[in-house]
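A.B. asks: Sequence first, predicted model second:
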Amino acid sequence: MPSVAYFTHQDAHVAAEVTRHAPAGYRVTTHAMSLPDDEKTPIVAESDYLILFPGRISEPVLRAGARLRLVQLVSAGYEHMPLALCRELGIPVANNGGTNSTDVAEHTLALILAQYRRMVELDRKMRADPALDVPVARSTFTVDGKTVGIVGLGNIGAKVARLARAFGADVVYADEAPADAARDERLGVRRVDLGDLLEAADIVTLHVPLAPSTDGLIGGAELARMKASAILVNTCRGRVVDEAALIDALRAGEIAGAALDVLEREPPAADNPLLRMDNVALTPHTAGITFDTWARRGRFIFENIARVGRGEAPLAVVSPG
């Protein structure tokens with residue numbers, strides 16, 4: 001019977017939403033990610049498949065997995081995985097195949113609306129003094145008629161494009177991947193280079209993986225090209241944005257605001273200036289985490305494991321074995 005070990009920080013109820021999709025004939029065990037390595041090692045040594053959430057594993061534990069046929073991540077990101085070691089050991093690594101893309105796309109639109117309609121600020125002021133007059137007539141905005149610039153038109157970016165178009169926005173995008181004219185026509189989007197996107201967009205939203213080419217992608221020079229009325233939204237990875245440059249741009253009024261689900265350091269230091277800025281909306285890296293996401297992820301994860309079990313190549317491979 002194939003053995004699957006799931007290491008996670010989730011509580012048992014949430015973890016079960018993932019593991020209940022295991023096909024018959026697989027033995028699945030769930031373990032705390034916080035277990036020390038000397039307790040993880042014998043579990044991994046006896047496993048054919050490894051599921052990780054978050055996607056972290058130490059070298060000694062991974063080297064114990066002589067039987068491993070696949071490391072399956074529950075998340076989309078894989079920047080903390082020792083991919084070079086996985087290749088050395090011949091163990092393929094797959095991510096979640098975009099199964100949290102709906103969750104992140106909806107959260108992105110929620111952040112945009114929160115920033116455009118000043119929802120966090122208005123909630124705070126309403127609780128403090130319901131009679132307080134707030135000048136929303138000149139300080140809130142609609143998405144309709146604005147230009148949304150999407151940096152990275154993958155699974156998430158494409159869903160953000162659909163939602164933004166439904167709100168009446170014009171959508172442009174920049175991406176390193178080859179153009180797909182049929183997809184662009186279907187989505188009603190237009191491809192531009194990053195510089196033109198930054199200059200044209202009222203809302204710049206980031207949907208790229210963290211990689212050498214995207215580390216610090218949005219820095220001082222890029223922020224300076226944005227409109228003074230524009231907002232920056234980041235629901236991908238904190239290091240895609242040069243945080244110090246963003247703070248400077250917000251203080252100087254180079255851009256109007258930011259809506260961030262991710263930061264360079266998580267959780268942020270208590271003295272991080274972003275925590276005290278009225279023109280910044282923040283959430284704690286929760287864009288992809290809804291209760292509904294776990295069933296989608298679980299189905300994909302175990303379908304992928306079953307593919308490998310049948311001798312087929314896994315999907316959503318981020319590092320081949």
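C.D. replies: Nice, thanks for sending it over.

A.B. asks: these two touch, right, residue 72 and residue 303?
C.D. replies: No. Look at residue 72 against residue 303 with Cβ atoms under 8 Å: they stay out of range, at 10.4 Å. Quick note: C-beta positions are derived from backbone N, CA and C, even for glycine.

A.B. asks: Of these two, which one has the most company?
C.D. replies: With neighbours defined as other Cβ atoms under 10 Å, residue 72 and residue 303 compare such that residue 72 has more, 27 against 14.

A.B. asks: That one is in what secondary structure piece?
C.D. replies: Assigned by DSSP states H and E, residue 72 falls within strand 70-73.

A.B. asks: what do you get for residue 315?
C.D. replies: Residue 315 belongs to no helix or strand when assigned by DSSP H and E.

A.B. asks: List the contacts of it.
C.D. replies: Contacts for residue 315 (Cβ atoms under 8 Å, 6 or more residues apart in numbering) come out as 94, 97, 300, 304, 307.

A.B. asks: any idea how far residue 131 lies from residue 125?
C.D. replies: Separation of residue 131 from residue 125 (Cβ to Cβ, to the nearest Å) stands at 10 Å.

A.B. asks: what do you get for residue 133?
C.D. replies: From residue 133 to residue 125 the distance is 10 Å (Cβ to Cβ).

A.B. asks: Who has more neighbours out of the two?
C.D. replies: Between residue 133 and residue 125, residue 125 has the larger neighbour count (other Cβ under 10 Å), namely 14 against 7.

A.B. asks: Show me the helices in the protein, by range?
C.D. replies: 12-19, 37-45, 59-63, 83-89, 101-116, 119-128, 155-166, 181-187, 194-200, 220-225, 243-252, 293-309 (DSSP state H).

A.B. asks: Same list (those helices) but as TSV, adding mean pLDDT and distance to residue 261.
C.D. replies: Listed next are those as TSV, based on pLDDT from 0 to 100; distance: least, Cβ to Cβ, whole Å:
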stretch	mean pLDDT	distance to residue 261
helix 12-19	96	19
helix 37-45	98	29
helix 59-63	98	29
helix 83-89	97	24
helix 101-116	98	6
helix 119-128	90	13
helix 155-166	97	12
helix 181-187	97	23
helix 194-200	98	20
helix 220-225	98	18
helix 243-252	98	14
helix 293-309	97	14
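
A.B. asks: Which one, of those, ends up nearest to residue 212?
C.D. replies: Closest of the helices of the chain to residue 212 is helix 83-89, at 12.6 Å (criterion: Cβ to Cβ).

A.B. asks: hang on, residue 236 packs against residue 154?
C.D. replies: No. Counting by Cβ under 8 Å, residue 236 does not reach residue 154; the two are 9.8 Å apart.

A.B. asks: pretty sure residue 208 contacts residue 217?
C.D. replies: Yes. Between residue 208 and residue 217 a contact is recorded at 6.9 Å, counting by Cβ under 8 Å.
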